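Peer 1: Build me a structure from this.
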Amino acid sequence: MANTGDQITRMLPTAVPFARELGLKVAIAVAYTISPRHTDEHFAETTRRCTQFRPDAIYLKDQGGLLTVDRLRTLLPAMLEAAGDIPVELHSHCTTGLAPLVYLEALELGVRTVHCGVPPLANGSAQPSVLEVARNARLMGFTPLVDEELLASVSRRLAGFAAADGLPSGVPLPHDLDHYRHQIPGGVISNLRHQLAEIRMDHRLAEVLEECVQVRADLGYPIMITPYSQYVATQAALNVASGERYGVVIDELIRLARGFYGEDSGYTWMDENLRDRFLSLPRAREFEELDRRASDDMTLAEARQVFGAPGISDDELLLRAIVQGTGEIDTMRAAGPPRRYSSAGLPLLTLVERLRETSAIRYVRVQRGSDSVLVSNRAATTGGDHRGQLT
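Peer 2: Next up, the predicted model:
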């Protein structure tokens, strides 16, 4: 990401060379949003600043699915010009139902890589279906480079998994103009709805989303992407629940007002009175005191002391540090090993699974040409509860 937390000056100068040393390709995202300060000039200048790192690609990241065909016609040419010889890609979501059309327009304007999803994990609030985009691109005279036959097979397998677990498949969503006002991503709305239900406020979701519009404007129009979308939604929910706007202020907004997240966060555009109010809070003075103290980088030994446990791997140590604890990790382990799925794509495995469900069939022989295999049902022959055995 290049424009949500001053990454161009804070992170990319170190991260890009490090990635190159590891032999990785680098694609830098420029996050899209709608606000008075996020103009074509902003996105073009951000793209131009990204070119200094010579990434393999720069991509416009429309995490909220806010792009329209008309908006793209002025925005994308400005970014393409600023990028020079560096390829520009497009990443969007189907939250408003327009992403498939936006992708086709991007191809017409010169983009050659668009980010897609494989059904049933496409559509909904995810990316457009790779199969649909490829088909439409071919009709427009382009030659898709993906293996559509293989992807169709993968799609069928995933659909079988979803059906086995009773999970919904991604379907096109209706167009919702209100999304352009609050700009809260679909995943955050789902979490917000769940959290409001836990405190018996789910009937006030519309009020909270409306409050998000005001909170975002007050904060200087941060891009509605992690973590800002969560901060705005949480503060909006507190405002609605308490009946007083900013009667209770979350720590993250105080940090934002102090410039902790950089100019990209929008803090210089904040309502001045509100910023002064946040900075006068006792909690702001506590943060100021913490900043005065010298902070050394944590050593690996110190990290193990804080997050670790005897014998854990480096991978788990990193995971514990990221999730700040072990609760989610314990839940994952309690769920047991990954589930095995059978489908029409694995006929022999499906046969064995079916034999386990009955003792009426003693064996099945499968033959193809001179090759044959005998599947023997030990449960039928011994009366015990055994898995089907291949002999």
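
Peer 1: So which residues of this structure form strands?
Peer 2: 27-31, 57-62, 88-92, 363-368, 371-376, 389-390 (DSSP state E).

Peer 1: Among these, which comes closest to residue 274?
Peer 2: Across the strands of the chain, residue 274 has its closest neighbour in strand 27-31 (23.8 Å, CB to CB). In this view, the C-beta of every residue, glycine as well, is placed from N, C-alpha and C.

Peer 1: what pairs with that closest one, and is each one parallel or antiparallel?
Peer 2: strand 57-62 (parallel) (DSSP bridges).

Peer 1: Could you export the partner strand as CSV, CA atoms only?
Peer 2: Provided in CSV are the C-alpha atoms of strand 57-62 (Å, rounded to 0.1, in the frame of the first residue of the first chain):
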residue,chain,number,x,y,z
ALA,A,57,3.5,-3.2,-11.2
ILE,A,58,1.4,-0.5,-9.6
TYR,A,59,-2.2,-1.4,-9.1
LEU,A,60,-5.2,0.7,-8.3
LYS,A,61,-6.9,-0.9,-5.3
ASP,A,62,-10.6,-0.3,-5.2
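
Peer 1: give the contact list for residue 110.
Peer 2: 76-77, 80, 88 (CB atoms under 8 Å, 6 or more residues apart in numbering).

Peer 1: In the biggest helix by length in the chain, which residues are buried?
Peer 2: Counting by DSSP state H, the longest helix found in the chain is helix 148-165. If you call a residue buried by 16 or more other CB atoms under 10 Å, then helix 148-165 has these buried ones: 151, 154-155, 157-160, 162.

Peer 1: Name the nearest residue to residue 373, sequence neighbours excluded.
Peer 2: Spatially, and ignoring its direct neighbours in sequence, residue 373 is nearest to residue 366 (5.1 Å; CB to CB, 6 or more residues apart in numbering).

Peer 1: So which elements touch the longest helix of the chain?
Peer 2: Contact partners of helix 148-165 among helices and strands, from 3 or more CB pairs under 8 Å, 6 or more residues apart in numbering; DSSP states H and E: helix 130-139.

Peer 1: Now do stretch 264-280, average pLDDT.
Peer 2: Mean per-residue pLDDT for stretch 264-280: 96.

Peer 1: same check, this time on stretch 155-173
Peer 2: Across stretch 155-173, the per-residue pLDDT values average to 92.

Peer 1: can you check stretch 362-380 too?
Peer 2: Rounded mean pLDDT across stretch 362-380 is 78.

Peer 1: Likewise for stretch 100-117?
Peer 2: 98.

Peer 1: what's the straight distance from one end of that stretch to the other?
Peer 2: When the termini of stretch 100-117 are compared using CA to CA, to the nearest Å, they are 11 Å apart.

Peer 1: what does stretch 194-204 give?
Peer 2: End-to-end for stretch 194-204, by CA to CA: 12 Å.

Peer 1: just checking, residue 375 touches residue 352?
Peer 2: Yes. When contacts are counted by CB atoms under 8 Å, residue 375 is listed as touching residue 352 (6.4 Å).

Peer 1: With adjacent residues omitted, what lies nearest to residue 84?
Peer 2: Once flanking residues are discounted, residue 84 sits nearest to residue 51: 6.1 Å by CB to CB, 6+ apart.

Peer 1: Okay, buried residues for stretch 105-116 please.
Peer 2: In stretch 105-116, counting by 16+ other CB under 10 Å, buried: 105-107, 109, 111, 113-116.

Peer 1: Same question for stretch 39-51.
Peer 2: Buried-residue list, stretch 39-51, by 16+ other CB under 10 Å: 43-44, 46-50.

Peer 1: And the residues you listed, which is closest to residue 249?
Peer 2: Distances from residue 249 to those, taken by CB to CB, are shortest for residue 46, at 29.6 Å.

Peer 1: Quick one: distance of the longest helix of the chain to the chain centre.
Peer 2: 21 Å (CA atoms, centre = their mean, to the nearest Å).

Peer 1: ok, now which ones touch residue 48?
Peer 2: 82-83.

Peer 1: Apply 7 Å and report the result again.
Peer 2: Taking CB atoms under 7 Å, 6 or more residues apart in numbering as the criterion, residue 48 is in contact with residue 82.

Peer 1: Can you show me the helices along the stretch 1-150 of the chain?
Peer 2: Per DSSP state H, counting those that start in this stretch, the stretch 1-150 of the chain carries helices over the ranges 7-10, 12-21, 40-50, 69-83, 99-109, 130-139, 148-165.

Peer 1: Of all those helices, which one is nearest residue 234?
Peer 2: helix 7-10 (23.1 Å).

Peer 1: Give me the below-cutoff pLDDT ranges for this protein.
Peer 2: 294-296, 342-349, 379-391 (pLDDT under 70).

Peer 1: Now do the end-to-end distance for stretch 87-101.
Peer 2: Stretch 87-101 stretches 21 Å from its first residue to its last (CA to CA).

Peer 1: meant to ask about stretch 334-352
Peer 2: 27 Å.
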